[in-house]
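Student: no sequence on this one, just coordinates:
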Ligand SMILES: Nc1ncnc2c1ncn2[C@@H]1O[C@H](COP(=O)(O)OP(=O)(O)OP(=O)(O)O)[C@@H](O)[C@H]1O
């Protein structure tokens, strides 16, 4: 089976300083992978490279066997989605936000999927009509994730998305992404420092001194 993501000899330098050096690894469809490593080791940089937000100094990244810059950026983002910690919702209702992905695709709003998403992140259906400004930070983060997954990508990249959340919100988000990983074979690559979250992933890649090393693989 060909890997869904493949990094070949990826290096990244900034202002003459080597941040990542000859990183090579592959990820198969359906894997749930945590990137770990000391602060400043280059984890966020690596995720941004894979998300096609920045370009490597050398080396290549392949998605589904094709180099990522050969995809039109919008096509790539539909397949490989980068979810930010500070994902912004528009200051309208939950419904407006959840309907946005269908609007830009010129498709009908999939209410069932939206309600299933709300249910999994433990918010009642009545939240559809709630203005965003009335939601707590954790609730906003949950809605942002449901919106991001209205049309599930094949790969979800996330950089410390739960770090500012309390235990309850962390668990809800973890349950949601695990469900998508199991039910929809969503491939997940994320950065987290939370030991419970690390335990849930089936592979752990350590980024240290510019290099990558597999340290756990189920
Ligand atoms: N735009 C930039 N300009 C200059 N240096 C940068 C830039 N982006 C990242 N760096 C440097 O690259 C190194 C790696 O940063 P990165 O944010 O990828 O680390 P990290 O492993 O994600 O750290 P943390 O766990 O603390 O978030 C750091 O030394 C950082 O200062």
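Tutor: It's in. Remember, it's a predicted structure, so these values are computed and weren't measured experimentally.
Student: can you tell if stretch 153-170 touches the ligand?
Tutor: No - using CB under 6 Å from any ligand atom, we find that stretch 153-170 stays clear of the ligand, coming within 7.0 Å at best. Yep, even glycine has a C-beta here, placed from its N, CA and C like the rest.
Student: Would you mind listing what in this structure touches the ligand?
Tutor: 14, 19, 37, 39-45.
Student: Enumerate the beta-bridge partners assigned to the residue nearest the centre of the chain.
Tutor: By CA atoms, centre = their mean, the chain has its centre lying nearest to residue 157, at 2.5 Å. The partner list for residue 157 in beta bridges (DSSP bridges) reads residue 82, residue 189.
Student: show me what contacts it?
Tutor: 47, 50-51, 80-83, 189-190 (CB atoms under 8 Å, 6 or more residues apart in numbering).
Student: and if we set it to 10 Å?
Tutor: Going by CB atoms under 10 Å, 6 or more residues apart in numbering, residue 157 touches 5, 35, 46-48, 50-53, 80-84, 187-191.
Student: what's the neighbour count on the residue nearest to residue 79 when sequence neighbours are not counted?
Tutor: Leaving aside its chain neighbours, residue 79 sits nearest to residue 154 (4.9 Å; criterion: CB to CB, 6 or more residues apart in numbering). Neighbour count of residue 154, defined by other CB atoms under 10 Å: 18.
Student: ditto for residue 62
Tutor: Every residue meeting other CB under 10 Å relative to residue 62 is counted, giving 17.
Student: That one - that's part of a helix, no?
Tutor: No - assigned with DSSP: H, G, I helix; E, B strand; the rest coil, residue 62 falls outside any helix and is strand.
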